[in-house]
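**Student:** No letters, just coordinates:
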């Protein structure tokens, strides 16, 4: 089973859902979401509608609590864990070892069991306050990034977003302990 963490980069949720649909064709996928995703209605849609789509696509109820995510380490091991999208907030928590959402708990539990973590970053502060966290995570064992690019260098000069079309390739590479290159497109 593959874990699929979803964080609150709401403008990327439709692309993330498309990626999830592609993964479900090859893998059994357990969705996991941050509280923000589960409870926030935004200009991009209602939380309940998005959650319903994710659960229909995967055939699994979303894990949304720290308590429910904790067994995803030794008790219920995953083959890999993809976080798509991974916000700067979640990236910072992962880099600093903070475990306060289902996604961060799933990542902690998964990594402590030697599992592969694939991060599809989507954040407006990647090349400013979160740059150090990218570096910290690049140095961690079994952590892999989906190649990323600036989505709007003029209006959002610090922003990076992963190429979600590369998630499945990155997952396959990560299972062989390889990082897809180049990292920055």
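**Tutor:** Done, it's in. Everything numeric here is computed off the predicted structure, so don't read it as measured data.
**Student:** Do I have it right that residue 175 meets residue 81?
**Tutor:** No. Using CB atoms under 8 Å, residue 175 is not in contact with residue 81; the gap is 11.6 Å. (Each C-beta comes from the backbone N, C-alpha and C, glycine too.)
**Student:** who's more crowded, those two?
**Tutor:** Set residue 175 next to residue 81 and count neighbours by other CB atoms under 10 Å: residue 81 wins out with 27 against 14.
**Student:** In which helix or strand does the closest residue to the more buried one other than its chain neighbours reside?
**Tutor:** The shortest distance from residue 81 to any non-neighbouring residue, by CB to CB, 6 or more residues apart in numbering, is to residue 3 (3.9 Å). Residue 3 is part of strand 2-6, with elements assigned from DSSP states H and E.
**Student:** by how many degrees do whichever helix or strand comes after that strand and strand 2-6 diverge?
**Tutor:** Once strand 2-6 ends, the next helix or strand along the chain (criterion: DSSP H and E) is helix 13-24. With axes from the mean of the first three to the mean of the last three CA atoms, to 10 degrees defining the directions, helix 13-24 sits at 180 degrees from strand 2-6.
**Student:** For helix 13-24, buried residues please.
**Tutor:** 13, 15-17, 19-20, 23-24 (16 or more other CB atoms under 10 Å).
**Student:** and if you look at stretch 153-161?
**Tutor:** For stretch 153-161, burial by neighbour count (16+ other CB under 10 Å) applies to 156, 158-161.
**Student:** Among those residues, name the ones in strands.
**Tutor:** With strands taken from DSSP state E, the overlap with the buried residues of stretch 153-161 comprises 160-161.
**Student:** ok, residue 41 to residue 101 distance?
**Tutor:** 19 Å (CB to CB, to the nearest Å).
**Student:** more crowded one of the two?
**Tutor:** Counted by other CB under 10 Å, residue 41 and residue 101 do not tie: residue 101 has more neighbours, with 26 against 12.
**Student:** who does the residue nearest in space to the middle of the chain bridge with?
**Tutor:** For the chain, the residue nearest the mean C-alpha position is residue 83 (1.1 Å; CA atoms, centre = their mean). With DSSP bridges as the criterion, residue 83 is bridged to residue 5, residue 119.
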